[in-house]
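Trainee: here is the input, now give the coordinates:
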Amino acid sequence: MANVDVFAPLNSLQWVDRNLLKANDYNPNKVSEENLKLLIQSIETNGWTLPIVCRPDFTIIDGFHRWTVSGREPLLTKLHGQVPVVIVNHTDRADDIYGTITHNRARGTHLLEPMKAIVKELLDSGKEIKEISKELGMTPEEVFRLSDFTREDFLDIMTRGANGYNKAEIIRYL
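Mentor: Just a heads-up that it's a prediction; the model follows:
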């Protein structure tokens, strides 16, 4: 690879009609429908924070899933059919492939112990299970597994503030 102007992509930042973009034919990254919903939630909560990386012909190098959800409600209406893109002008298809794979792999994975610490911090700060579940894209069961609480403590936290909730309706397993 030749020396690259590291500023060039950001200097090309623009909002374009999402219909100009097209998927590449080699991306091995797949995302579940659940995670696409989480991506929509992330964009609605944080705004659009990462542009889609494209070739000059608008073939997507990175950001296929952001592009996908941009065509779904409520984002389609909110974005008026526009998406932010930066252009990367590679001279070789291999560089496009390298760009796709390195973008995907550089994002990494979430490790168990740091996620447990995050859930604990959120619970300790008074955040409700329902909010944590929604904002992190987890089920209450996943939050429980990361919480290190006993089942009894967790059920008490889940029913905290549930005025009029009949404790007899809580199903407890041994």
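Trainee: quick check: the most centrally placed residue in the chain vs residue 45, distance?
Mentor: Residue closest to the average C-alpha location in the chain (Cα atoms, centre = their mean): residue 39, at 3.8 Å. When Cβ to Cβ, to the nearest Å is applied, the distance between residue 39 and residue 45 equals 11 Å. (Glycine included, C-beta is placed from N, CA and C.)
Trainee: just residue 143 next, same as before
Mentor: From residue 143 across to residue 45, the span is 17 Å (Cβ to Cβ).
Trainee: name the residue in those two with the higher neighbour count.
Mentor: Taking residue 143 and residue 45 together and counting by other Cβ atoms under 10 Å, residue 143 has the greater number of neighbours (22 against 9).
Trainee: pLDDT weak spots in the protein?
Mentor: Applying pLDDT under 70 to the chain flags residues 1-2, 108-111, 154, 157-158, 160-174.
Trainee: which residues in it form strands?
Mentor: Assigned strands in the chain, in chain order: 14-17, 52-54, 60-62, 82-87 (criterion: DSSP state E).
Trainee: pull up the pairing partners for the second one, direction included.
Mentor: Strands that pair with strand 52-54, judged by DSSP bridges, come out as strand 60-62 (antiparallel), strand 82-87 (parallel).
Trainee: ends of stretch 115-134, what's the gap?
Mentor: For stretch 115-134, the separation between the terminal residues is 15 Å (Cα to Cα, to the nearest Å).
Trainee: how far off centre is that stretch?
Mentor: The chain centroid and the centroid of stretch 115-134 are separated by 18 Å, computed with Cα atoms, centre = their mean, to the nearest Å.
Trainee: same deal with stretch 88-104?
Mentor: On the basis of Cα atoms, centre = their mean, the separation between the geometric centre of stretch 88-104 and that of its chain is 22 Å.
Trainee: stretch 57-66 too?
Mentor: Average the C-alpha atoms of stretch 57-66, do the same for its chain, and the two points are 16 Å apart (Cα atoms, centre = their mean).
Trainee: now do that stretch: distance from first to last residue.
Mentor: The first-to-last residue distance of stretch 57-66 comes to 18 Å (Cα to Cα).
Trainee: swap in stretch 50-60?
Mentor: The separation between the terminal residues of stretch 50-60, taken as Cα to Cα, is 13 Å.
Trainee: look up how far residue 9 lies from the residue nearest to the residue nearest to the centre of the chain when sequence neighbours are not counted.
Mentor: Leaving out its chain neighbours, the residue that sits closest to residue 39 by Cβ to Cβ, 6 or more residues apart in numbering is residue 69, at 5.2 Å. Remark: distance between residue 69 and residue 9 (Cβ to Cβ) = 22 Å.
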